[in-house]
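# Coordinates for the following, if possible.
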Amino acid sequence: MAQVDAKKVRNICILAHVDHGKTTLADHLIAANGLLSRKSAGKLRFMDYLEEEQRRAITMKSASIGLSYGDYSINLIDSPGHMDFCSEVSTAARLSDGALVLVDAVEGVHIQTHAVLRQAWIEKLTPCLVLNKIDRLICELKLSPMEAYNRLLRIVHEVNGIVSSYKSEKYLSDVDSLLAGPNGEVSDENQEFVEDDEEDTFQPQKGNVAFVCALDGWGFSLNEFANFYASKLGASAATLQKGLWGPRYFIPKTKMIVGKKGLESGNNKARPMFVQFVLEPLWQVYQAALEPDGDKSMVDKVIRSFNLNIPNRELQNNDPKVVLQAVMSRWLPLADAILSMVVRCMPDPVSAQSFRISRLLPKREVLALDGVDPSILAEAELVRRSVENCDSSPDAPCVAFVSKMFAVPLQQIPPKGPQGEILNLNDLKEEGSGDTDECFLAFARIFSGVLTSGSRIFVLSALYDPLKVDSVQRHVQVAELQALYLMMGQKLEPIYSAEAGNIVAIRGLGQHILKSATLSSTMSCWPFSSMAFQVSPTLRVAIEPSDPSDMAALMKGLRLLNRADPFVEVTVSSRGEHVLAAAGEVHLDRCIKDLRERFARINLEVSPPLVSYKETIEGDQSNPLEYLKYFMDKNADFVEKTTPNGRCVVRVQVLKLPAALTKVLDDNADLLGDVIGGKQIVQRQTSGSLEEENPIEALRKQITAAVESDIDSVFENDKDRADKCKSKWAKLLKNIWSLGPRQIGPNILFTPDIKKRECDVGVLVRGVPYVSTRIGLMDNSSNGAASDTASEEVDRELHLEAQSLESSVISGFQLATSAGPLCEEPMWGLALVIEAFVSRDESDTNQAVEQHGNFTGQVMATVKEACRTAVLRSKPRLVEAMYFCELNTPTEYLGAMYAVLARRRARVLKEEMQEGSALFTVNAYLPVAESIGFADELRRWTSGAASALLVLSHWEALLEDPFFVPRTEEEIEEFGDGSSVPQNTARKLIDAVRRRKGLPVEEKVVRHATKQRTLARKV
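Residues are numbered from 1 along each chain as shown. Model (predicted):
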C-alpha cells in the first residue's frame, strides 16, 4: 500500500434512515474517482453487490471502499439504514472518525435518524449533515423558495435538537465532575465541553451542512455560493458565508448585510440571503428546464456564466430531465461538494484518535496493586499513548480492532499476492471449514503501528485482562496474518502492509475470531471497549434439516453463519432445538437464505417464530402504601407447602415491584452479574474525569431513584404518604437475598422478617441479605446480633441444618422465576418472601431418603411449587414485548393502515401530518407476537404506499385475566353463563406457548355433545 501521511487520511461512514439515499450518494463519490461511469451512478448501487440487496433495494451490510480527492485518501464505509441491520451501523461507526448523516428533505427526521445520531455520539464521531432530495421540494411538493427554506431550517433545528439532548444528557451525568477541580474550578477539558455545548453542532455557515440531490448528482455547501458571489457583491467570501444562513438580509442600496432588526419597517418583501442568492437561482433553473413554457435562456446563461463543458448530445436530448441533470451535475458537482466538506470538517486519524481514545480504550484505574507487575502497567500505558497519538512508526506497538468477520466466496479472493505471486485457492480455505467455498475476512482498522502480511499477532477477546495470569490462557490466541487487502466494494486489492489510520480486510483470522476482537503485537494491552448495539435479537425460530442425515451440515452451517453475521445468535434450547435469533423479519429471511444457499446448502424446516413472554401479577398500583402495609403485616396471606417427608414447611408471599425498579434491574443485568459474582469492578476514566465515581454506587443510586420516582408519581399531592412508602421500601431493599432468574433477573427474593412469624413449627431458614450488602444498600454488620440470640434458644444442630438449606431455598427461587406457572416463561418484576421452617427429624433417616429422596432436593422442589402457586393466586398476568412502530402513509390509505393496526392489537400513540406533504406519520406500539407478517400485510392493504419501521421498545403486561369467568350479572349478560365464553387474547397466547412446549392445555375436545352425525340425510 502506498505510504500516505496519516494527516491526509479520512475515515468516514454514511449513516441515515432507510431509503434516504446513502448508497446513491456513495455511487456518485465512486464515479468521481473513475471507478464507475457517471451515467450508472445512482442506478447501479455499486456498494450493494449482494443479490439479496439488489432484489430488495436496501443495503444489508456495511462495505468499505478507498477513494482519493486531490492528495487525500478517503476510506468510505456505506452502512444499512434498516433497523434490522443496525449492528452493521455499529461496526461501521467503530472504524470511522467522521459520519455523513443524511436526512431526506421531504420525509425529515425519522426513528433511525435518531438511532444513527446516537451511535455517532456514542462512538465520538465528528458528524456532517447532508440534506438530500432537494429536487423533491421543487418537483413534487411545488414549494416556493421561501417555503423550502423554512422546511430546511426546521430540519436543521430538529437534528441539532437531537444532538443537543445527548449533550445535555452527558452534561447532567457529569455535573458533579465539572466542579470537581480545586476550589470549584472547572478543568480545561470540561471547560471545552461547556463551550462546545453552547452552540449548535450543524451550522451551514460553518460549512458542515450540504444541500444535495444525490439522484441527479448535484450538491453544494454555502462556501461554493459565497465564493461565487464574493466578487459580484464586493464582499469577502467568509462574510458572505456567515450571512447566507439564518435571518440575514442583503440591502442592495447600501450593499450591507443586516439582521431582522436592521430592515426598514415597510420592507415586508425582503427575503433571507439563502432564499435570494441560493434557492431562487436553483428554482429558476429547474423551472426553465422542466416547464414547457420555461425560459430556456436561463439554462444557457448558467452554462455561459460558469463555463460548463456539456456535450451537445446531452443538451439536445428530448428528455428535459436529462438536460437538467447534465447542467446541474456540472454546475454543482456532488462529489466535489461532499468530499471537500469531508476534508475540511472531518478530522484525520491523528487528531480523531486523541479525543476518541476515551471511548476506544478507557483509562483503567487499577484499585488493587497487590501482585501486579508494574512493567505490564507501564507497557499497557505506552500502548494506550500510541493509540492516542496514532503512532505509525515501525517501532510502535501494532494495535488494530476487528469490528466484524464477513464471508467472501473463494472466487472473489485475488489469485495473486501483493508481489504478483500466484496463490493456491485450496490453501485459502479455513481449517475445519470442510468443503465450503467461503473464506472469512476480518473487517479491521489499524489504530497504531504497522500491520504486515505474514506477521504473527495476539488476538485478544473482550474479557482479556493483562494483569491476570489465567486470562492469558483463556482469552488470548496467537494468529498469523495470511494476507491484507484494501477493500474496494466487492473487489479486494492485495497489499503487503498498512499503517495506522487505515481500514483493511485481513485473511487468516477465521478460526480465531467469532464476532469482534482486538489485535495487538504485545500481550500488555487492554482490549478495546465493546461496541454498542441499539437493539437486541428478538425474533427466534427453531431450525432443523428436512433430512435428519444432514444434521452435521446444519451444525457446520450455523457455525459459519454465526461467524459471518455480527448480530445473529445461535443457541440450543432446553428441548434440544437449534434456535436462530435475528433482529427482525428481513434479517431472519437473509440468514435463512444464507444458510440454505451458502453455508449449509441443505433443505431446512423453519418453525413459526418463537416469541418470548414474561409472567407477572396484577398488583395494586393505585394505592402502593396500603399494598405494602398488607404485604409486611403479620396477618398477610401466604401460600403454604410442606415437603414430602413433613420436615420443612414453606410459606411464600408475593409482591409486584415498581415498574421503574424492574427496568433498572433488567437494564443493569451485566453489572449486577459482576457485582454479585464478586468480580473486580474496574473504574474507567473518560474525558479527564471519572464518568462514574463508582459503578456500584451509581447502581445503588439508580435503584433508590427508581423506587422514589415511582412513589412520587402516585403520591403527587401527599408528601406524608409518599415519605412513609419510601421508608418502607428502603427497609425492604436492605434485605435483598437474591435476584432471579440466573441470579441477575428482575425478580427479588427478600430475607424473611424474624419478628413477623412465630417459630412454632421449627427453625426459620433466615437467609443473608447478600445482594443488598454487595450493592451497598446496607452495612455488613447489621444482622449479627439477632442470629446469636436465636442460636441460644434453639437446638444448635437444627440451626446448622437450617443454614445449610439456604442454598436450596435460593435454587428453588431460581427455578420458579425461570419458569412461571402460566406457560413456563420467566417471571417479571416480582418480589418474593420465602419462609422455610425446618423441624426435627423423628423418623428413620435411611428409610425417609429411600421413600422421598434427598432432603435438600425436597426443599428445592417445594419452594418452587410454593412460589408458582403464590403467583397463580395473586391474579397472574402475561407480559409481552412491544415494538415502537413508525408508519408513513398517504392520506387516502390512512383507513386501510388503521384497519391493519387494529387487527394486530396495536395501540396508536400519535398521528401527525408531515408539513408540506400529503404523508401522515403515525406512531404506535405493536406486540412482537403480532409483528410477524405485519409489513407484508401493510403493503398489501395499502398497495405498497405505506411503510413501517419497528424497534423493540419495552415489556408490557396484558391487562386481561387469562382465567376470566363471568360472575356478576352484568358480566353474565355480556359474556354468557361461562360455557360459551370465547378465550381471551391472554389465554390464547398462553395456550399457544404451552402447546409449543408440549405442556398440557385445557381445551374442549368434544364441541357438539349430540348424537353421531352422518352425511346421509334420512327424512
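# so where's the stretch 151-300 of the chain uncertain?
Of all residues in the stretch 151-300 of the chain, those with pLDDT under 70 make up the ranges 169-198, 262, 264-268.
# Please enumerate the helices of it.
Remark: helices assigned in the stretch 151-300 of the chain by DSSP state H, counting those that start in this stretch are 175-178, 188-197, 222-233, 237-243, 273-274, 280-290, 297-305.
# how much distance is there from the fifth one to the middle of the chain?
Between the mean C-alpha point of helix 273-274 and the mean C-alpha point of its chain there is a distance of 39 Å (CA atoms, centre = their mean, to the nearest Å).
# Of the helices of the stretch 151-300 of the chain, flag the one that's most buried.
Across those, averaging neighbours per residue (mean count of other CB atoms under 10 Å) puts helix 273-274 on top, at a mean of 24. Every C-beta, even on glycine, is put in place using the N, C-alpha and C of the backbone.
# Please enumerate residues in contact with that one?
Counting by CB atoms under 8 Å, 6 or more residues apart in numbering, helix 273-274 makes contact with 149, 204, 222, 240, 243-246, 248-250, 257, all of which sit outside it.
# what helix or strand is Ser943 on?
Element membership of Ser943, judged by DSSP states H and E, is empty: it is in no helix or strand.
# Any idea how many residues pack against it?
The local packing count at Ser943 equals 11, with neighbours defined by other CB atoms under 10 Å.
# ok, now Pro1000?
The burial count assigned to Pro1000 is 7, neighbours taken as other CB under 10 Å.
# Secondary structure of it: a strand, I assume?
No. Assigned with DSSP: H, G, I helix; E, B strand; the rest coil, Pro1000 falls outside any strand and is coil.
# So what's the predicted local confidence for it?
According to the per-residue confidence, Pro1000 scores 87 in pLDDT.
# nearest to Ser231, of the contacts of helix 273-274?
Proximity to Ser231 was ranked across those by CB to CB; first place goes to Leu240, at 10.5 Å.
# separation between the closest one and Ile754?
From Leu240 over to Ile754 the distance is 80 Å, taken as CB to CB, to the nearest Å.
# just Lys629 next, same as before
Distance of Lys629 to Ile754, computed by CB to CB: 19 Å.
# Touching, Ser221 and Lys206? I think so.
No. Counting by CB atoms under 8 Å, Ser221 does not reach Lys206; the two are 9.4 Å apart.
# neighbour count winner among those two?
A side-by-side neighbour count of Ser221 and Lys206, using other CB under 10 Å, places Ser221 first with 27 against 19.
# could you list every residue that touches the spatially closest residue to that one that is not a sequence neighbour?
Here the nearest residue to Ser221 in space, its sequence neighbours aside, is Ala210; by CB to CB, 6 or more residues apart in numbering that works out to 4.7 Å. Applying CB under 8 Å, 6+ apart, we find Ala210 in contact with 128-131, 219-221, 337-338, 341.
# Of those, which belong to strands?
Counting by DSSP state E, the members of the contacts of Ala210 that fall within strands are 128-131, 219-220.
# before we move on, back to that, how close does the residue nearest to Ser221 sit to Ile711?
Distance check for Ala210 against Ile711: by CB to CB, it reads 50 Å.
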